[in-house]
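Peer 1: Turn this into a structure:
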Amino acid sequence: MGSNFENAAPKSTIVCSQVDAASQNIKNHLLKLDSWSKLEIECPGFEDLADVYESGKFRLVEVAKHHVFQDGIDRNLEACGLPAKNILFASKHKSDDGRRLLTAHFTGNPSDAKYGGKDGELAVAYTSAIKPIISELAKYSENLGYQVSMESTHHGPTDLNVPSIYVEIGSGPEQWDDPDAGEAVAKAILSFTPQDMPVALGFGGGHYAVRQSEILMNNSVAFGHNFPSYHLENLSESLFLQAIEKSGADFVYMDRKSMSVAEKSKIEELSKKNGFLMLRESDINGLEGVSWDFFREVFEGVEKVESGSSPHISTHLRNMLDKNLISDFGSFDTIMIDPRLIHLTWKNDSDTFIEWLDNLPLVWLEKDNGTLSGFFFVWKSDAGVLLDEIVNECIKILKEHYEIEYIPGKSMLYLSEKRFNPYLAEELGIPKGPLYGKLSKGIPVEVDGNIVGPEMVHEKVTKELLLDSRVI
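Peer 2: Okay, here's the model as predicted:
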């Protein structure tokens, strides 16, 4: 293969197809929106090559056939003296439902290759482009009546050595030829700036990856390859590892409600076996404003003390991180507060307790059921002090609901409360039913002309707790 164009610098390469209506629509707007130079290229070894244009950081390449059959296009272009740093395929999305849609996705075949590419092969995902392109599509299509979504991994090409992404107009001829849609996609391609951020490998949901798209748009994370629920039966360890590698994934996310218990177990086993963290949506929300390296260390710490819990980084600690006062998780100790004490405090006044914790330099853990764990990560130099402070705050909150006696030296806590005793009520001849309910709530009742006060049917009950709270 030869070319008359030598030593060109690698560029972001937009690939348009002559046989794709949406691609031609996008191409025409790309050419209008910027100043392009048409290159005279002679490269007989790449017969599918049509026209080539350059403008600033972009190169626009037009091919004769459909994009999905462009396996090896990066190598073909390099042999022509047109090396691609990455590839953006401007194309159409086809669907029978006729929805007005602008999408972006990565290519690959989790199973058979029905539309280009190779069986069981995934392309290298251009992950730093997915979030900014989706964001730009949403911005430029505002008020046009188009939905914007990330799609799950599908079709070819797959045999590419450089990162690539599809950017599409859907879902039928009316949308493919829509000049407003073509302009919106062209503007999104020309204006986006790649962003490096933590990358999720996604599983579950439908073709349009609704939950993943929402997470992508609302958090500082990217997605690599995403496998919808209908492809999970094809998930093998080799495909899982290939997806991790070609996504550069940092963690795994599952749309848990969209899959069976067996499918969740398979993904959990593959993740654990290969040392990959699994984050829930609440965990991903907690990433905002925190470096991935720090968050990963925190999450790995969680897995050691209470696997399955979610870390919550306090506002105070986030401010310290923002000011670079903490650089690594090695600065932290784990403290354990007696879980019974935590449970009682949470049960009686969770809002006050969380608000107070949020002003300390710590990470608290939340269980799957939404309650607080007894484990906290605290700044090492303050571990002992913060342990005492947390215990004392728990006792302060509980004093609003119980009679309290606390003996710190012996770690003994006595909680006393007045409880309704139905046997005392029965002895006073009070009939069972609504009157019992009123008395238990502290409301006096009248029986046979006599007033019975709640103090007459309540008794003092004391609970004794030997607290086990310590720095681990």
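Peer 1: Please report the residue range of the longest strand in the chain.
Peer 2: Secondary structure of the chain read by DSSP state E shows that its longest strand is strand 84-94.
Peer 1: Next, the buried residues of that strand.
Peer 2: In terms of neighbour count (16 or more other Cβ atoms under 10 Å), strand 84-94 has its buried residues at 84, 86-93. (Each C-beta comes from the backbone N, C-alpha and C, glycine too.)
Peer 1: Residue 37 against residue 55, yeah?
Peer 2: Yes - with contact defined as Cβ atoms under 8 Å, residue 37 counts as touching residue 55 (7.0 Å).
Peer 1: Flag the shaky bits of the protein, pLDDT-wise.
Peer 2: Filtered on pLDDT under 70, the chain yields the residue ranges 1-7.
Peer 1: Would you mind measuring from residue 161 to residue 307?
Peer 2: With the distance defined as Cβ to Cβ, to the nearest Å, residue 161 ends up 38 Å from residue 307.
Peer 1: coming back round to it: note down every partner strand of the longest strand of the chain and its orientation.
Peer 2: When pairing is defined by DSSP bridges, strand 84-94 lines up against strand 11-17 (parallel), strand 164-171 (parallel).
Peer 1: and the angle for the following helix or strand past that strand with strand 84-94?
Peer 2: As assigned by DSSP states H and E, the chain's next helix or strand after strand 84-94 is strand 101-105. Strand 101-105 runs at 140 degrees relative to strand 84-94, counting by axes from the mean of the first three to the mean of the last three Cα atoms, to 10 degrees.
Peer 1: Now do strand 101-105: everything it contacts.
Peer 2: With contact meaning Cβ atoms under 8 Å, 6 or more residues apart in numbering, strand 101-105 is reached by 93, 95, 129-130, 133-134, 137, 141, 146-154, 165-171, 175, 181, 184-185, 188, 208, 226.
Peer 1: quick one on the thing from earlier: make a markdown table from the strands paired with strand 84-94 and add mean neighbour count and distance to residue 198 to it.
Peer 2: Converted to a markdown table, these look like this (neighbours: other Cβ atoms under 10 Å; distance: least, Cβ to Cβ, whole Å):
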| stretch | mean neighbour count | distance to residue 198 |
| --- | --- | --- |
| strand 11-17 | 24 | 23 |
| strand 164-171 | 25 | 18 |
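Peer 1: got CSV for the ones you listed, with distance to residue 340 too?
Peer 2: CSV is the format used below for the strands paired with strand 84-94 (distance: least, Cβ to Cβ, whole Å):
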stretch, distance to residue 340
strand 11-17, 59
strand 164-171, 52
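Peer 1: Show me the one of those that comes nearest residue 379.
Peer 2: Residue 379 lies closest to strand 164-171 among these, at 41.5 Å (Cβ to Cβ).
Peer 1: quick one, domains of this structure?
Peer 2: 1-196, 198-210+224-288, 296-402+466-471, 414-464 (automatic domain parsing).
Peer 1: Out of those, the one nearest residue 217 is which?
Peer 2: Ranked by Cβ to Cβ, the member of the domains of the chain that lies closest to residue 217 is domain 1-196, at 6.3 Å.
Peer 1: just to revisit the earlier point, residue 37 and residue 55: which is more packed in?
Peer 2: Ranked by neighbour count (other Cβ atoms under 10 Å), residue 37 and residue 55 place residue 55 first, with 17 against 8.
Peer 1: pretty sure the more buried one is touching residue 33, no?
Peer 2: No - using Cβ under 8 Å, residue 55 is not in contact with residue 33; the gap is 9.3 Å.
Peer 1: circling back to that earlier point, now distance to residue 388 too, for the buried residues of strand 84-94, in JSON lines please.
Peer 2: Shown next, in JSON lines, are those (distance: Cβ to Cβ, whole Å):
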{"residue": "84", "distance to residue 388": "61"}
{"residue": "86", "distance to residue 388": "54"}
{"residue": "87", "distance to residue 388": "59"}
{"residue": "88", "distance to residue 388": "57"}
{"residue": "89", "distance to residue 388": "60"}
{"residue": "90", "distance to residue 388": "62"}
{"residue": "91", "distance to residue 388": "62"}
{"residue": "92", "distance to residue 388": "65"}
{"residue": "93", "distance to residue 388": "60"}
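Peer 1: Which residue ranges of the stretch 201-350 of the chain form helices?
Peer 2: Taking DSSP state H, counting those that start in this stretch as the test, the helices found in the stretch 201-350 of the chain are 210-218, 237-247, 261-273, 281-285, 292-306, 315-322, 339-357.
Peer 1: helices or strands next to the third one in the packing?
Peer 2: When contacts are defined as 3 or more Cβ pairs under 8 Å, 6 or more residues apart in numbering; DSSP states H and E, helix 261-273 packs onto helix 237-247, strand 251-254, strand 277-278.
Peer 1: among these, which is the most enclosed?
Peer 2: For the helices and strands packed on helix 261-273, the largest average neighbour count (mean count of other Cβ atoms under 10 Å) is found in strand 251-254, namely a mean of 23.
Peer 1: contacts for it?
Peer 2: Residues outside strand 251-254 that contact it (Cβ under 8 Å, 6+ apart): 198-204, 212, 215, 223, 264, 267, 271, 276-281, 284, 296.
Peer 1: what about burial for those residues, which qualify?
Peer 2: The buried subset of the contacts of strand 251-254 - by 16+ other Cβ under 10 Å - is 198-204, 212, 215, 223, 264, 267, 271, 276-279, 281, 284, 296.
Peer 1: For the buried residues of strand 84-94, which two are the farthest from each other?
Peer 2: The widest separation within the buried residues of strand 84-94 (Cβ to Cβ) is 22.6 Å, between 84 and 93.
Peer 1: re earlier: residue 161 and residue 307 - which one has more neighbours?
Peer 2: Neighbour totals were compared for residue 161 and residue 307, and residue 161 leads with 12 against 8 (other Cβ under 10 Å).
Peer 1: just checking, what packs against the helix or strand encompassing residue 387?
Peer 2: Using DSSP H and E, residue 387 sits in helix 383-398. In terms of contacts (3+ Cβ pairs under 8 Å, 6+ apart), helix 383-398 is packed against strand 332-336, helix 339-357, strand 372-379, strand 403-407, strand 470-471.
Peer 1: the inter-axis angle of that helix versus strand 332-336?
Peer 2: Computed by the same axes, to 10 degrees, the angle between helix 383-398 and strand 332-336 is 40 degrees.
Peer 1: before we move on, back to that, mind listing which of the contacts of strand 101-105 are in strands?
Peer 2: Members of the contacts of strand 101-105 lying in strands (criterion: DSSP E): 93, 147-150, 165-171, 226.
Peer 1: List just the nearest of these to residue 387.
Peer 2: residue 226 (42.6 Å).
Peer 1: Correct me if wrong: the closest one contacts residue 208.
Peer 2: No - using Cβ under 8 Å as the test, residue 226 is too far from residue 208 to be in contact (10.2 Å).
Peer 1: Between those two, which has more neighbouring residues?
Peer 2: Neighbour totals were compared for residue 226 and residue 208, and residue 226 leads with 31 against 19 (other Cβ under 10 Å).
Peer 1: how close does that one get to residue 462?
Peer 2: Distance of residue 226 to residue 462, given as Cβ to Cβ: 56 Å.
Peer 1: what comes up buried for stretch 421-434?
Peer 2: Buried-residue list, stretch 421-434, by 16+ other Cβ under 10 Å: 421, 425, 430.
Peer 1: Next, the distance between the ends of it.
Peer 2: Start and end residues of stretch 421-434 are separated by 15 Å (Cα to Cα, to the nearest Å).
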